[in-house]
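Chemist: Provided below are the primary sequence and the corresponding predicted coordinates.
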Amino acid sequence: MDSIDPVHLSEPGLLVVDIAAADDATAQAAMTALDRLWATSGPCRTHRVPGEPGARARLFADLRSREAG
């Protein structure tokens with residue numbers, strides 16, 4: 001994975017979530033579930049790292065959007 005840009009963690013409540021799953025469908029399901037809980041960058045394409053098992057993805061989340069609710 002690429003390094004994390006400090007702007008994505010510049011305030012309390014911001015998250016960078018790296019996902020590793022057995023397959024693309026599981027990674028997509030995890031991103032969709034997180035998107036229902038918090039404001040996120042949304043499901044993105046998964047990728048694979050040669051020589052490593054599973055599918056990978058990264059999304060960005062903002063927990064502050066649900067604090068008032």
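Modeler: Happy to help now that I have it.

Chemist: model confidence over stretch 35-46, on average?
Modeler: Stretch 35-46 comes out with an average pLDDT of 91.

Chemist: Would you indicate which residues of that stretch are buried?
Modeler: Neighbour counts using 16 or more other CB atoms under 10 Å place 38, 40-41, 43, 46 of stretch 35-46 among the buried residues. For the C-beta atoms, the positions are set from N, CA and C on the backbone; glycine is no exception.

Chemist: and which of the residues you listed is nearest to residue 8?
Modeler: Of all the buried residues of stretch 35-46, residue 8 sits closest to residue 41, with 9.3 Å by CB to CB.

Chemist: Against which helices or strands is the lowest-mean-pLDDT helix or strand in the chain packed?
Modeler: When the helices and strands of the chain are compared on mean pLDDT, DSSP states H and E, strand 39-40 comes out lowest with a mean of 92. On a contact count with 3 or more CB pairs under 8 Å, 6 or more residues apart in numbering; DSSP states H and E, strand 39-40 meets strand 55-62.

Chemist: center of the chain, which residue is that?
Modeler: Most central in the chain under CA atoms, centre = their mean is residue 59, positioned 2.7 Å from the mean C-alpha point.

Chemist: could you check the distance from that one over to residue 17?
Modeler: Separation of residue 59 from residue 17 (CB to CB, to the nearest Å) stands at 5 Å.

Chemist: what do those two both touch?
Modeler: 34, 40 (CB atoms under 8 Å, 6 or more residues apart in numbering).

Chemist: Same question for the closest residue to residue 9 other than its chain neighbours, what's its three-state structure.
Modeler: Setting aside the residues directly before and after it, residue 9 is nearest to residue 16 in space (CB to CB, 6 or more residues apart in numbering), at 6.6 Å. Three-state assignment for residue 16 (DSSP: H, G, I helix; E, B strand; the rest coil): strand.
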